[in-house]
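S.K.: Here's my sequence, what's the structure:
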Amino acid sequence: HFDYYEDNPHRNSNSNSNPRRQALAKYKQNSSSSSSSKRHRHHKLLDNNNNKNNTNTNTNIDDIIYDHDAQQYYTLNELVDRNIYVVRQKYGTWSILFSVIQTVILIAMMCMCSIAPLNINPMVGPYPDALDYWGAKNTAKMLDENEWWRLFTPLLLHGGIIHLLCNISVQIDIGAFFEREWGSAIWLIIYILSGIGSTIFSCIFSPDNLSVGSSGAVMGLFGGKLAEIFCRACESRKTQAGRVGHEVRMEQLQQSLCSVILVLAFSFVPYVDWAAHLGGVICGFITGMMCFSPWIKTRYCAVFWFSVGIGFNAVFYILSLSYLFTYVEPNGNLKDVCGYYQQYFQDYECNCQLDNGR
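M.R.: Got it, this is the predicted structure:
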């Protein structure tokens with residue numbers, strides 16, 4: 001009856017006074033007003049979100065990483081403490097642990113085997129025969145007596161206090177921060193493989209010298225950082241985290257390149273093993289290619305560079321070990337380290353050999 005009344009052309013001219021008609025008109029008006037209000041609120045929320053995103057995208061990176069109160073840029077550790085730059089873990093556990101182990105071993109060597117005169121060991125440390133006894137790189141013993149554990153043990157040893165302080169100062173500072181960024185697993189892989197690779201390089205290019213130290217492994221950390229920067233070069237910088245990460249990696253790129261260039265430049269002075277440093281950088285980079293390629297966002301690029309990293313590692317170890325076995329002929333006199341150094345130093349004392357009951 002109500003519908004008929006609305007459509008009837010002969011309806012009463014005072015139909016607006018009908019209560020049912022008034023109720024229907026009020027209902028339609030309320031529905032239209034409510035819908036319009038909802039649409040208005042929805043568009044307002046979208047506009048606010050877009051404004052936030054645009055503000056986040058257009059924010060100057062200096063406004064994020066600059067301390068306006070102190071009038072200076074935040075350090076890397078301050079960026080981490082303020083949650084501006086996110087790392088994977090709070091502490092560099094293994095870098096600290098390796099530094100402690102290396103320090104304890106050096107103290108034990110000097111206590112058990114005495115300290116050599118400065119004309120024999122200018123690094124303020126033990127005699128060379130003590131270093132050999134504890135596992136220094138000795139190519140003659142590795143090839144002729146199959147002491148292959150010497151590929152790893154040199155990175156736990158140091159020639160003296162000066163040598164130790166130079167290495168662990170970098171290891172605890174920069175090396176520990178790299179471990180916080182990468183995670184302990186990746187850090188350990190790069191550190192150990194770089195140390196082994198640096199020993200192989202040293203055996204090939206300096207077969208007639210004893211060699212110790214973690215500097216090859218530390219150089220491998222810088223090589224690994226260069227590989228990480230390469231693998232993450234195309235990451236998006238649209239977000240605040242992306243822009244901060246890019247700025248941090250650019251700073252680390254400059255730092256790593258300067259460190260590598262300076263160390264390699266001073267690697268040709270006496271008592272410094274240039275081959276170990278160069279081998280550490282190379283091994284760190286190719287190992288880093290293998291470790292950081294899964295971080296690439298594009299799947300095909302990640303698979304490609306992971307395959308490249310695997311291939312480079314295989315080629316490096318196969319070729320270097322084949323050359324070491326085939327062509328390297330070390331000085332056989334280094335099998336008797338005491339006798340070898342007594343030829344050159346009249347005051348040389350053999351204090352840490354099995355033949356002496358120690």
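S.K.: got the contact list for the residue nearest to G220 when sequence neighbours are not counted?
M.R.: Leaving out its chain neighbours, the residue that sits closest to G220 by CB to CB, 6 or more residues apart in numbering is S194, at 2.1 Å. Quick note: C-beta positions are derived from backbone N, CA and C, even for glycine. With contacts taken as CB atoms under 8 Å, 6 or more residues apart in numbering, S194 has the following neighbours: G216, A217, M219, G220, L221, G223, G224, G280, C283, G284, T287.
S.K.: what's the answer for K90, then?
M.R.: Contacts of K90 (CB under 8 Å, 6+ apart): R180.
S.K.: T298 versus that one, what's the distance?
M.R.: 31 Å (CB to CB, to the nearest Å).
S.K.: that older thread, find the helix or strand that the residue nearest to G220 is a member of.
M.R.: helix 184-205 (DSSP states H and E).
S.K.: can you pull the buried residues of that helix?
M.R.: 184, 186-204 (16 or more other CB atoms under 10 Å).
S.K.: so how far is it off the chain centroid?
M.R.: 14 Å (CA atoms, centre = their mean, to the nearest Å).
S.K.: same check, this time on stretch 206-217
M.R.: For stretch 206-217 - counting by CA atoms, centre = their mean - the centre lies 23 Å from the chain centre.
S.K.: what does stretch 290-303 give?
M.R.: Using CA atoms, centre = their mean, the offset of stretch 290-303 from its chain centre is 16 Å.
S.K.: which residues touch it?
M.R.: 182, 186, 189-190, 224, 227-228, 231-232, 234-236, 304-306, 308-310, 312-313.
S.K.: rerun that using 7 Å as the cut-off
M.R.: The contact list for stretch 290-303 (CB atoms under 7 Å, 6 or more residues apart in numbering) reads 186, 189-190, 227-228, 231-232, 235, 305-306, 309-310, 313.
S.K.: Would you mind measuring the gap between the ends of that stretch?
M.R.: End-to-end distance of stretch 290-303: 10 Å, with CA to CA, to the nearest Å as the criterion.
S.K.: any idea of the mean pLDDT for it?
M.R.: What stretch 290-303 shows for mean pLDDT is 93.
S.K.: Model confidence for L262, exactly?
M.R.: 88.
S.K.: returning to that earlier point: least confident of the contacts of stretch 290-303?
M.R.: E235 (83).
S.K.: just checking, it touches R243?
M.R.: No - contact between E235 and R243 fails when scored by CB atoms under 7 Å: they sit 10.2 Å apart.
S.K.: Comparing the two, which residue is more hemmed in?
M.R.: R243 (19 against 15; other CB atoms under 10 Å).
S.K.: and the more buried one, what element?
M.R.: Assigned by DSSP H and E, R243 belongs to helix 240-265.
S.K.: With M109 instead?
M.R.: Per DSSP H and E: helix 93-113 holds M109.
S.K.: And the average pLDDT for that helix is what?
M.R.: Mean predicted confidence for helix 93-113 is 95.
S.K.: Give me the contacts around that helix.
M.R.: 125-127, 130, 134, 156-158, 164, 168, 171-172, 175-176, 179, 184, 187-188, 214, 351-352.
S.K.: Would you confirm that A140 contacts D336?
M.R.: No - contact between A140 and D336 fails when scored by CB under 7 Å: they sit 9.6 Å apart.
S.K.: And those two? Which one has more around it.
M.R.: Per other CB under 10 Å, whichever of A140 and D336 has more neighbours is A140, with 22 against 16.
S.K.: quick check, that one in a strand?
M.R.: No - when classified by DSSP: H, G, I helix; E, B strand; the rest coil, A140 is found to be helix rather than part of a strand.
S.K.: Distance check, it against F345.
M.R.: With CB to CB as the criterion, A140 and F345 are 20 Å apart.
S.K.: G220 is in contact with V170, correct?
M.R.: No - between V170 and G220 there is no contact under CB under 7 Å: 12.0 Å.
S.K.: And those two? Which one has more around it.
M.R.: G220 (32 against 20).
S.K.: wait, what's in contact with the more buried one?
M.R.: Here G220 is in contact with I190, Y191, S194, G195, S198, G280, V281, C283, G284 (criterion: CB under 7 Å, 6+ apart).
S.K.: Can you pick out the most distant pair from those residues?
M.R.: By the measure CB to CB, the contacts of G220 have their two most distant members at Y191 and V281, which lie 13.1 Å apart.
S.K.: What ranges does the stretch 201-350 of the chain have for its helices?
M.R.: 215-231, 240-265, 274-292, 299-327, 337-342 (DSSP state H, counting those that start in this stretch).
S.K.: Take those and lay them out in JSON lines including distance to V80.
M.R.: Shown next, in JSON lines, are the helices of the stretch 201-350 of the chain (distance: least, CB to CB, whole Å):
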{"stretch": "helix 215-231", "distance to V80": "16"}
{"stretch": "helix 240-265", "distance to V80": "10"}
{"stretch": "helix 274-292", "distance to V80": "20"}
{"stretch": "helix 299-327", "distance to V80": "26"}
{"stretch": "helix 337-342", "distance to V80": "46"}
